[in-house]
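**Student:** Task: produce atomic coordinates for the following.
(2 chains)
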Number of protein chains: 2
Amino acid sequence: MGGATSDSGALAGWGPGPVSEAEAMGMALELARRGVRGANPLVGAVILDPAGQVLAHGYHRGAGTPHAEADALAAAAAAGTDVSGATMVVTLEPCNHTGRTGPCSQAILAAGISRVVYAAADSNAEAAGGAAALAAAGVDAEGGLLAAESAELNHRWALAMAGRRPFVTVKTAQTLDGRTAAEDGTSQWITGSAARTDGHGIRSRADAVVVGTGTVLADDPQLTARDELGGAARRQPLRVVVGHRPVPDNAAIRGTDGRFLQLDSHDPEVICRDLYGRGVRHLMVEGGAQVASAFLRAGLADELVAYVAPVLLGAGTSAVGDLGVQTLADASRWRWDVTDGGPARLVGQDLRLRLEPVPETGATPAEHHLGSGPPRMNTDELNPPRTEH
Amino acid sequence: MGGATSDSGALAGWGPGPVSEAEAMGMALELARRGVRGANPLVGAVILDPAGQVLAHGYHRGAGTPHAEADALAAAAAAGTDVSGATMVVTLEPCNHTGRTGPCSQAILAAGISRVVYAAADSNAEAAGGAAALAAAGVDAEGGLLAAESAELNHRWALAMAGRRPFVTVKTAQTLDGRTAAEDGTSQWITGSAARTDGHGIRSRADAVVVGTGTVLADDPQLTARDELGGAARRQPLRVVVGHRPVPDNAAIRGTDGRFLQLDSHDPEVICRDLYGRGVRHLMVEGGAQVASAFLRAGLADELVAYVAPVLLGAGTSAVGDLGVQTLADASRWRWDVTDGGPARLVGQDLRLRLEPVPETGATPAEHHLGSGPPRMNTDELNPPRTEH
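**Tutor:** Have a look, this model is predicted:
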């Protein structure tokens, strides 16, 4: 865990003096936003000494990496800082289960932390119970501080876990005018190799990737995750084909590692339920447009990652298929994801854009707290349409 | 010109010591990139004392604002710095004509500058001759230092001026999936008010804005430039309707200020030639898709500004119409414009993306110098298509 300390420098905008637990939670939320959206919630942690001095901090960098609490404890250990008797301020209730990493509740106890202040309770049934375990072991565990802000940050993740389905990332690779292939069907390559490598990074963090039979028959993709040098990534997702048409015996997607599955369904709810049952917590939908649109229509897209090439086609296959939208008021509305370095990043010659769905009114207490209903584009006008054009 | 000094702080990455003229030109190019693409070229200027110490610097902030040389001279004057006997290092040959601002050659002479080093010669016939005028007045004027880099920066502007046509900005306001209206035609509003205000900023800097008769008949736009508060901007572009159908007498675009024109043509070349003859140097194409596509097809788009709403429609009107592209190899290829703060900026709830055309091979000496042919997406592969998917 030596790498855990690499980002543990001073937090921008926060001075060196002692802070309140609420201020520490603000820091922890800021740290959480540095993480990568995906299978796991965004979580940040700050360790305070009894006087309110920050001893260490950490955050979760994505599936397979240490949880925020462990990251902060590792940072403290690397600096030779004793945290016994200290307070752990963390944006999510410490987990109590052994997933890819050990239970945080045990790590906190082992480090001698005497108080834990967390924001939101863990809505993942498998991981919950950390606060109770800590309290049973004599730790002063208190929840609810800035809970709304933490819930807001992980709104979609919590929805997915509460619904016992995977967090779903829909990926597109398109031209600026929303095309994934030219009129004659040519599509290799719309985006450049850097964007594809970046997409493979998402694949390697996901538990499963999904494509339709149409994509398999047209493109014969491998769907493995590869690293920058073209080698196989350490983690490989389950490769899932959805649809009724048979996958040829020699299709590349079958591979030789046994991590291949065909589901005889086009229904995103069925697909999500089945895959959740197989342990899939982060699902990446790679296409084509029909499969992606089915997840979008069903409201089962928690994140949208669009690699946009600086290319115009003016015609050809659309990146997004029929969403059942007739009029603008019914459009599928998102918002740019400002976590992880902002909504847009230049990846080679392409732009990577990241979006999250606009929360529906009344969906969670967090939105009520923040007073943010869905932005209605037709009500933000100071002037009537004619003078605004 | 008091405001001219506001950006005149230290240049990032450059120490306080003396610099060579080539290093100063590198600074000037960096300054130039802070400007706004449009009617005028991007230009930066650095004033050096005889020992190579930087006395002042400046850049051009867009049409109607001081040229880079004047900006640098104003910064020096504001700081009470005497520049007599100094060297002006500037990325473009100083102009010799009185446009919106006085001739820079005269300002340079008046300030007592004794040497001028410039990168590229001015390709604007009306403004050229500055170097000769300076030399005639006894100033040591030398051109060609980092000329290729300067030419590259202003490649499209130089092409436009050499072709005696306006620099053309094509603007779109679209969904992420490239739609400008839903299936039933509803389009107000795809993008939010902040994006529209930002677009009005481009309008107020342009000399003319163009729409087709279809847009006039469908939307009845005013096409005036308005400021953040909804009032009329100080500068107003000429409002141009192109096409054969008559513009109704009560159409909003006619206005009452006489700055309205209809051109009975759909041919971008004809439109550009006519408007250049009327003094238009920066033309903004606002739509609809048919007019925008005509300019794109004709290769008469020097800049593309896309306001992208975080919205998906899945169907409806496309932002870009037929470009005559059948296959990916013939796609309209651009590159993200990294000047002026980078290719993407969050404007309210929307993203503003800026692109420039990929230079064609052999188009200018600058590209030969830099060895940058057009990026061919199908040659950047280390792996064959199948293993890359």
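
**Student:** residues touching residue A:241, list them.
**Tutor:** Counting by C-beta atoms under 8 Å, 6 or more residues apart in numbering or on different chains, residue A:241 touches A:210-213, A:216, A:247, A:253, A:260-263. Any C-beta I mention is one placed from the backbone N, CA and C, and that applies to glycine too.

**Student:** Redo those as TSV? Include neighbour count and distance to residue B:166.
**Tutor:** Shown next, in TSV, are the contacts of residue A:241 (neighbours: other C-beta atoms under 10 Å in any protein chain shown; distance: C-beta to C-beta, whole Å):
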residue	neighbour count	distance to residue B:166
A:210	31	48
A:211	24	46
A:212	22	47
A:213	21	51
A:216	25	49
A:247	15	55
A:253	23	51
A:260	16	57
A:261	17	57
A:262	19	57
A:263	15	56
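
**Student:** Just give me the closest of those to residue B:46.
**Tutor:** residue A:211 (54.4 Å; C-beta to C-beta).

**Student:** Show me what that closest one is bridged to.
**Tutor:** Residue A:211 has these beta-bridge partners by DSSP bridges: residue A:241, residue A:287.

**Student:** Whichever residue of chain A sits closest to chain B - how many residues pack around it?
**Tutor:** Closest residue of chain A to chain B, C-beta to the nearest C-beta: residue A:178 (2.8 Å). For residue A:178, the count of nearby residues is 30 (other C-beta atoms under 10 Å in any protein chain shown).

**Student:** ok, now the one 10 residues further on?
**Tutor:** The number of residues packed near residue A:188 is 15, by other C-beta under 10 Å.

**Student:** Please apply the same query to residue A:110.
**Tutor:** Neighbours around residue A:110, by other C-beta under 10 Å: 10.

**Student:** Report the mean per-residue pLDDT for the strand or helix carrying it.
**Tutor:** Element membership for residue A:110 (DSSP states H and E) is helix A:104-111. Computed over helix A:104-111, the mean pLDDT rounds to 92.

**Student:** Enumerate every residue touching the residue of chain A closest to chain B.
**Tutor:** With C-beta under 8 Å, 6+ apart, residue A:178 has these contacts: A:318-320, B:174-179, B:318-319.

**Student:** how about those in a markdown table, adding distance to residue A:67 and secondary structure?
**Tutor:** Below are these laid out as a markdown table (distance: C-beta to C-beta, whole Å; DSSP: H, G, I helix; E, B strand; the rest coil):
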| residue | distance to residue A:67 | secondary structure |
| --- | --- | --- |
| A:318 | 40 | strand |
| A:319 | 35 | coil |
| A:320 | 35 | coil |
| B:174 | 40 | strand |
| B:175 | 37 | strand |
| B:176 | 33 | coil |
| B:177 | 36 | coil |
| B:178 | 40 | coil |
| B:179 | 41 | strand |
| B:318 | 45 | strand |
| B:319 | 43 | coil |
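
**Student:** Considering those residues, which possesses the most neighbours?
**Tutor:** Top of the contacts of residue A:178 by neighbour count (other C-beta under 10 Å): residue B:178, with 30 neighbours.

**Student:** Is it correct that residue A:306 falls within a helix?
**Tutor:** No: per DSSP: H, G, I helix; E, B strand; the rest coil, residue A:306 lies outside any helix segment and is strand.

**Student:** Would you confirm that it contacts residue A:350?
**Tutor:** No: Residue A:306 is beyond contact range of residue A:350, at 9.6 Å (criterion: C-beta atoms under 8 Å).

**Student:** if you count what's nearby, which of those two comes out ahead?
**Tutor:** Neighbours were counted for residue A:306 and for residue A:350 using other C-beta under 10 Å; residue A:350 has more, 29 against 24.

**Student:** what's across from the more buried one in the sheet?
**Tutor:** Here residue A:350, judged by DSSP bridges, has bridge partners residue A:347.

**Student:** So for it, what pLDDT did the model give?
**Tutor:** 97.

**Student:** Thought residue A:305 was touching it, still the case?
**Tutor:** No: the criterion here is C-beta under 8 Å, and residue A:350 misses it with residue A:305 at 11.7 Å.

**Student:** Which of the contacts of residue A:241 fall in helices?
**Tutor:** A:213, A:216 (DSSP state H).

**Student:** quick one, strands of the stretch 251-389 of chain A?
**Tutor:** A:260-263, A:282-287, A:303-309, A:311-312, A:317-318, A:332-336, A:344-347, A:350-357 (DSSP state E, counting those that start in this stretch).

**Student:** just the stretch 1-150 of chain A next, same as before
**Tutor:** So, for the stretch 1-150 of chain A - with DSSP E, counting those that start in this stretch - the strands run A:44-48, A:54-59, A:87-92, A:115-120, A:140-143.

**Student:** got a markdown table for the strands of the stretch 251-389 of chain A, with distance to residue B:94 too?
**Tutor:** Shown next, in a markdown table, are the strands of the stretch 251-389 of chain A (distance: least, C-beta to C-beta, whole Å):
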| stretch | distance to residue B:94 |
| --- | --- |
| strand A:260-263 | 67 |
| strand A:282-287 | 54 |
| strand A:303-309 | 39 |
| strand A:311-312 | 37 |
| strand A:317-318 | 50 |
| strand A:332-336 | 42 |
| strand A:344-347 | 34 |
| strand A:350-357 | 37 |
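
**Student:** how about the strands of the stretch 1-150 of chain A in JSON lines, adding mean neighbour count, mean pLDDT and distance to residue A:356?
**Tutor:** Shown next, in JSON lines, are the strands of the stretch 1-150 of chain A (neighbours: other C-beta atoms under 10 Å in any protein chain shown; pLDDT from 0 to 100; distance: least, C-beta to C-beta, whole Å):
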{"stretch": "strand A:44-48", "mean neighbour count": "30", "mean pLDDT": "96", "distance to residue A:356": "18"}
{"stretch": "strand A:54-59", "mean neighbour count": "25", "mean pLDDT": "95", "distance to residue A:356": "18"}
{"stretch": "strand A:87-92", "mean neighbour count": "31", "mean pLDDT": "96", "distance to residue A:356": "17"}
{"stretch": "strand A:115-120", "mean neighbour count": "24", "mean pLDDT": "94", "distance to residue A:356": "17"}
{"stretch": "strand A:140-143", "mean neighbour count": "16", "mean pLDDT": "94", "distance to residue A:356": "25"}
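
**Student:** could you dump those to TSV with distance to chain B?
**Tutor:** TSV is the format used below for the strands of the stretch 1-150 of chain A (distance: least, C-beta to the nearest C-beta, whole Å):
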stretch	distance to chain B
strand A:44-48	23
strand A:54-59	23
strand A:87-92	24
strand A:115-120	25
strand A:140-143	32
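
**Student:** Enumerate the residues of the stretch 151-300 of chain A near chain B.
**Tutor:** Residues of the stretch 151-300 of chain A found near chain B (C-beta under 8 Å from any C-beta of the partner chain) are A:174-179, A:181-184, A:186-190, A:192-193, A:196, A:219-223, A:226, A:230, A:252, A:293, A:296.

**Student:** Filter those residues down to the buried ones.
**Tutor:** A:174-179, A:181-183, A:186-187, A:189-190, A:192-193, A:196, A:219, A:221-223, A:226, A:252, A:293, A:296 (16 or more other C-beta atoms under 10 Å in any protein chain shown).
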